[in-house]
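[1] Sharing a model that was predicted from the sequence below.
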There are 4 protein chains.
Amino acid sequence: MQRATLMVSAADRTGIVAALSDMVFRYGGNIIDADQHSDEETGTFFMRLSWALDNFTLDREGIEDALKVLARGFEHMKWNLWYREKPQKIAIFCSKTPHCLYDLLLREVMGELEGEIALVVSNHPYLQEVADHFGKKFIHIPVEKDNKASAEDEQLAVLKEHEIDLTVLARYMQIVSPKLIQALDGQIINIHHSFLPAFIGAKPYHQAKERGVKIIGATSHYVTEELDAGPIIEQDVTRVTHRDSVHDMIRKGRDLERQVLSHAVRLHLQRRIMVHGNRTIIFS
Amino acid sequence: MQRATLMVSAADRTGIVAALSDMVFRYGGNIIDADQHSDEETGTFFMRLSWALDNFTLDREGIEDALKVLARGFEHMKWNLWYREKPQKIAIFCSKTPHCLYDLLLREVMGELEGEIALVVSNHPYLQEVADHFGKKFIHIPVEKDNKASAEDEQLAVLKEHEIDLTVLARYMQIVSPKLIQALDGQIINIHHSFLPAFIGAKPYHQAKERGVKIIGATSHYVTEELDAGPIIEQDVTRVTHRDSVHDMIRKGRDLERQVLSHAVRLHLQRRIMVHGNRTIIFS
Amino acid sequence: MQRATLMVSAADRTGIVAALSDMVFRYGGNIIDADQHSDEETGTFFMRLSWALDNFTLDREGIEDALKVLARGFEHMKWNLWYREKPQKIAIFCSKTPHCLYDLLLREVMGELEGEIALVVSNHPYLQEVADHFGKKFIHIPVEKDNKASAEDEQLAVLKEHEIDLTVLARYMQIVSPKLIQALDGQIINIHHSFLPAFIGAKPYHQAKERGVKIIGATSHYVTEELDAGPIIEQDVTRVTHRDSVHDMIRKGRDLERQVLSHAVRLHLQRRIMVHGNRTIIFS
Amino acid sequence: MQRATLMVSAADRTGIVAALSDMVFRYGGNIIDADQHSDEETGTFFMRLSWALDNFTLDREGIEDALKVLARGFEHMKWNLWYREKPQKIAIFCSKTPHCLYDLLLREVMGELEGEIALVVSNHPYLQEVADHFGKKFIHIPVEKDNKASAEDEQLAVLKEHEIDLTVLARYMQIVSPKLIQALDGQIINIHHSFLPAFIGAKPYHQAKERGVKIIGATSHYVTEELDAGPIIEQDVTRVTHRDSVHDMIRKGRDLERQVLSHAVRLHLQRRIMVHGNRTIIFS
C-alpha cells in the first residue's frame, strides 16, 4: 500500500485538525493514522497524519501547494512530508563491540525496519565479517588523533555518495565534531549507555557502580553539539544489585543498549518523531 | 474549562475523521484531543474527540442532531457523548480488606479522579471507619447464602437512589449475579488478583505459588457474566522468587491491585475506554 | 518465633562463613536465613545470619562475648546484633502532602512493617487528622526561617523521649541540618522524587520535563550531609511521554514515591541493609 | 580460578549450614558464594555452595566421600557437585526463525555463557549459514510426520556423540517425544512464547490478541512430558495495546523470547537452578 505521512507543527489554533483532515479527504485519501498533540507551555500544535495514496488525486507537488495555501491561515506552520516510495537508507557507525550492529542487521532481516541498511562504517576493521555475513558493504575509515578532520570528511563523502538518510552511532565510541553533526542535523542517532541525564560522558557503568544506584539504563537520542544532551528518543532500565560488578553492568547494559537503540531507529524510520526544542514528541 | 467528549465507532470508511473534526470546527469547537483506531480484522473505525465548549455554538441536543445526520453517511455508526457538566458518581463495593478502598479515596483527595466517590457499600461493617474518615456514606448490606438475591436488590436500589454512574468492586470478594451485572452493564469494574487469563477464580496467589511462576499480576476488567472473563482494561505485574511464600505474594499483590484498579477507574472516568467485543480500546 | 539477626563485616578471609555458622550451631540455633557477599574491590566480606532462638543456649551477652572471641581471628570485624524482642519504633516526618504518610500507616495496619509507627511529626498542622484516624500521636513543630535550630532541638528531644529507632522523611520538604543528621546517623531515611543522581535538589519533575526524559523515578536513601547524595536503598521508575505535563509527572511520581519509600523502610526494619562507604548491600 | 559448586537438598534440620561450610573450611576451601533456602511447606532445605579450589586439599572423590558421611546425619540428603574443569557443551535445536539462535551465539562470543555451543541441530536447512558464520557445526535432521521416531533416534545419537550437557530448544517448533525428554531429563530447556500458564500450546500470540490482554510474555522452562508445564526458570513481559496486531506481538515477543531463553540458559550453566517438584529454586 502506497502511503503518505505528514508531520505538521503550528501555533495552536481552532480548526487545524479539521483543515488538515479535510485536505486529505477532499482529494480521496483514506486516513490510516491521525495523532495530534498540543503543547500548552509554548502554545504549539503538532500533528501526524498518515493516509493511503490508492485513490488520492493530488501528487506530491499538489500536496505541497495545498499545504502552502493552508499555511497562510495558521501561524508558524511547518511541515514534513514523506512518501513511502523508496526505503530510507541507513549507515551504521560502529567500533569494536558488535551487539548493536548485529541487532540492527538482524531486525532488518526480520522485516522490522522500514529502511535498508546500506553500509557499515567503522574506525576498526574487526566487524567486517559481521557486515559480510549480512551482505552489507563495510567501509573502514581509521580515526586517529591527528586525522580526525580528514576522517570525518571521508565519512561525509561516503554518506553522500550512498545517499544515506539516517546515520546510527551503534556504540561508535568516538566523539563526532560539530561539523559532522551540523551536516547530519536531525539525521544522526546515538546510544548512550546510561540513564541520561545521569552519568554523562565516559564510563557510565563505572560511574553507576561508584554511586551505588539500584537501576541502570540506556538512552537513545539525536546527536547535538553538546555531549549526550540531544533530544531523547527512548530510554529503558534494568535492575542491578550490590552483587553486580561493573562487568555485570556492562553485560546487562548491552541488552538495554541494543533494545533502546533499535527502538529509536524504528521510530525515526516510521516518521513518528517530531523534535520540539530539545525534546521529542513520539507519535506511537 | 467546559469540555465535550465524543466516542464514535462505525464501519471504516474514507472521510470519517474529516467529517467529525469538521463538525466540531464548524460550530466553533477547539479540539483538545483527537485519537482514532482502525481495527483491520473487523473493519471497524473508532474515534475519540474532545473539544472545548467555550465558543461552541451547538447545545447538546444540537450535537445529537448533527451526529444523526452524519450517521446516515457511515454504516453502523454508534456514539457516546459526555459533557463535563457534573462529576460522575462512583460507588465502591468492598468487604474486609481496605487497601483498594483507601487508594481510591486518597486519589479523590489528591484530585486524581474525574468523579466523586458517593458511597461505600460493604457486606461487612469493618470498613465503616475508613469511609467516615474520608467523609463518605457507608452502607452495610450483609450478604449471606440465603439472602443473596434480596441483598442485590437492596444494592441496586441504593445505586439507583444515589444516581451512581460507576460501580467499583474493590476486592469485594463476592460473585455478583447476572441480574446485577446486566443492570450495570459496562458500568462495573472489578480487580482480579492474577494476570488473567492465568489463575481464574479463587485463590490465584495459591495457584501461582503452586505453578511456580516468576511473575505475578493483577487485572482490572469490566464485569461480565462469565467469571473473570470480561474485557480487560489494565494489567500489571511484579517479580517473585522461590523465597516468596503465598503470604508474600498476597502482600506484593496488594500494591499491584490498588495501582491497576485505580488506573482502570481513572481511564473509565476520563472516557478513554471503548469496548469492542470482549476487548478494550484505550485512548491514552 | 524469637529470632536473632546478625550482620557482620570483616576483611575477607577463608573460614569466616564456617566460623559464624558454627557459632550459631554449637549453641543450638537453627539458621533461618544466611546470606553473604564479598566485595572484590575492597576485599571486604559481609554476612547476614538469622536464626531461631527457641533452643539457643547463649543469651545476648553470651553472643557478644562469642563474637569478640571470633573477632580476634578476623581483621576489621564489625557486627550488629538484633533480637526480635520488641518492635522498632518509627517516627514519620511529613509536611502537607499525605500519600507517603497514608501508605506507611496502612502498611502497618496490614502487618507489613516489622516495627511500630510511634509518632508523626510535621511542620504543618494539616495531617493531624490522618494521624488521628490511625490512632497515632501527632506533634506539630512549626519550622520557620528564624527558628530552624530550635525546631530541630525540639524534634530531637521528641525523638529521644519516644525512643525512636528510625526516622522517615515522608516528603518532609525541609532540608535538615548536619546536627540532626549526625544525631540520627544511619537511622534516617528520605524519599527523593527523582531517579538519583539525576535531578538533585528542588523541583525534580520540572527538571525532568525540561530535559525531556522518557522515564521518571524515585529514590529512597539514607540521609547524609550532602544533599540527595546518601547511600541509595531503593529506586523505581515509570514511563512518561510528551503528553505528560509536570502535573502528570507529579501524579505518577506519587505512586513511585510511596512504593519506594515503604520498600526501603521495610528493608531497614528487617535488618537487611548494610552500608559500605556510600553504597548499600541489600540482603534480600 | 578453579572452583567447585555444590547443590544440596535435605530434610530441614539444625546444623546443616554449619556442617557444609565446615566441610569446605576444614579442607582449605574459600567460600565464594553461599546461599540457602528452606521450603516451609515441605520442610526441605536447599543450599548452594561455591568455593575456590586453589588450596583445597580434597579431590573430587574425597568430597564425594565426605558428603556420604555427612548424609548419614541429614535425612533425604541429595547433592550435585560440579567442577569448573571443562566447559559444558550445548546443543541448540532450531527451525526457521533465527533470533534466539543468533542471540545465544552472540552471547557466547561476548563471553556471557559459561559453556560452549558445540552444535546446532535443525529440522530445516535454512540456518546453516548462521552456524557457519559463528564457526559452529550444523546438523540438518529433517523431521516429518512419518519419520519422527527415527529422527529423534538420530538426534539422540548426535547429542551422545558430541557429549552434550544441555539441549536448548530455541524456537524449535516441534513437540518432542517422551522418549527424548526422558533421555535428557533436567538437561533440556525450552522457550514458550507466552506468559505461562496462560496460552499453552499453539499460536499463543493469537490467543493473547483474542483475549485482549494488555501485557504479553515469554517463559523458559525445563521440558517435561506434559506440554508447556515443566518447571519455570524465567519469565518476562512487555506491554501491548489495542494498536498491536498479532504481527506486532510476534515482533515484540521476539525480544522477550531471546532475553528470557538466554537468561535461563545462563542460570543453568552457572549451576544456579535446583528443581523441587515442579518448581525451581534460583540461587542468584
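    Everything's here; your move. Remember, predicted model here, so these are calculated numbers, not experimental data.
[2] which SSE is A:S50 in?
    Assigned by DSSP states H and E, A:S50 falls within strand A:44-52.
[3] That strand pairs with which strands, and in what direction?
    strand A:3-11 (antiparallel), strand A:30-39 (antiparallel) (DSSP bridges).
[4] Where among those is average confidence lowest?
    With a mean of 89, strand A:30-39 has the lowest mean pLDDT of these.
[5] Run a quick neighbour tally on A:V158.
    The number of residues packed around A:V158, counting by other Cβ atoms under 10 Å in any protein chain shown, is 16. (Each C-beta comes from the backbone N, C-alpha and C, glycine too.)
[6] Pull the contacting residues for it.
    By Cβ atoms under 8 Å, 6 or more residues apart in numbering or on different chains, the residues touching A:V158 are A:91, A:119, A:121, A:139, A:141.
[7] can we see that at 6 Å?
    Taking Cβ atoms under 6 Å, 6 or more residues apart in numbering or on different chains as the contact definition, A:V158 lies against A:I139.
[8] any idea which helix or strand comes after whatever helix or strand it lives in?
    Applying DSSP H and E as the criterion places A:V158 in helix A:148-161. Downstream of helix A:148-161, the next assigned helix or strand under DSSP H and E is strand A:166-169.
[9] packing partners for that following strand?
    Judged by 3 or more Cβ pairs under 6 Å, 6 or more residues apart in numbering or on different chains; DSSP states H and E, strand A:166-169 is in contact with strand A:88-94, strand A:188-192.
[10] Identify all contacting residues around the first one.
    Applying Cβ under 6 Å, 6+ apart, the contact partners of strand A:88-94 are A:101, A:104, A:115-122, A:127, A:159, A:163-170, A:172, A:269.
[11] Tell me how many other residues surround A:G201.
    Look at A:G201: counted by other Cβ under 10 Å, it has 11 neighbours.
[12] same question, A:E61
    8.
[13] ok but A:G73 is inside a strand, no?
    No. Using DSSP: H, G, I helix; E, B strand; the rest coil, the assignment for A:G73 is coil, not a strand.
[14] What score does it have for pLDDT?
    At A:G73, pLDDT is 90.
[15] on that earlier part again, pull out the buried residues from the contacts of strand A:88-94.
    Neighbour counting with 16 or more other Cβ atoms under 10 Å in any protein chain shown marks A:101, A:104, A:115, A:117-122, A:127, A:159, A:164-170, A:172, A:269 as buried within those.
[16] Please give the element, helix or strand, for the closest residue to A:N55 other than its chain neighbours.
    Once flanking residues are discounted, A:N55 sits nearest to A:G28: 4.2 Å by Cβ to Cβ, 6 or more residues apart in numbering or on different chains. Secondary structure assignment for A:G28, by DSSP H and E: no helix or strand.
[17] and the strands paired with strand A:44-52 as TSV, adding mean neighbour count and distance to C:R254?
    Putting these into TSV (neighbours: other Cβ atoms under 10 Å in any protein chain shown; distance: least, Cβ to Cβ, whole Å) gives the following:
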stretch	mean neighbour count	distance to C:R254
strand A:3-11	20	32
strand A:30-39	20	24
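[18] Tell me, how many residues neighbour the closest residue to A:W51 other than its chain neighbours?
    Using Cβ to Cβ, 6+ apart and skipping residues adjacent in sequence, the residue nearest A:W51 is A:G29, 3.8 Å away. As a burial measure, A:G29 scores 26 neighbours (other Cβ under 10 Å).
[19] Just to check, A:G29 is in contact with A:D54?
    No. Contact between A:G29 and A:D54 fails when scored by Cβ atoms under 6 Å: they sit 8.7 Å apart.
[20] Can you say which of the helices and strands packed on strand A:166-169 is packed in most?
    strand A:188-192 (a mean of 25; mean count of other Cβ atoms under 10 Å in any protein chain shown).
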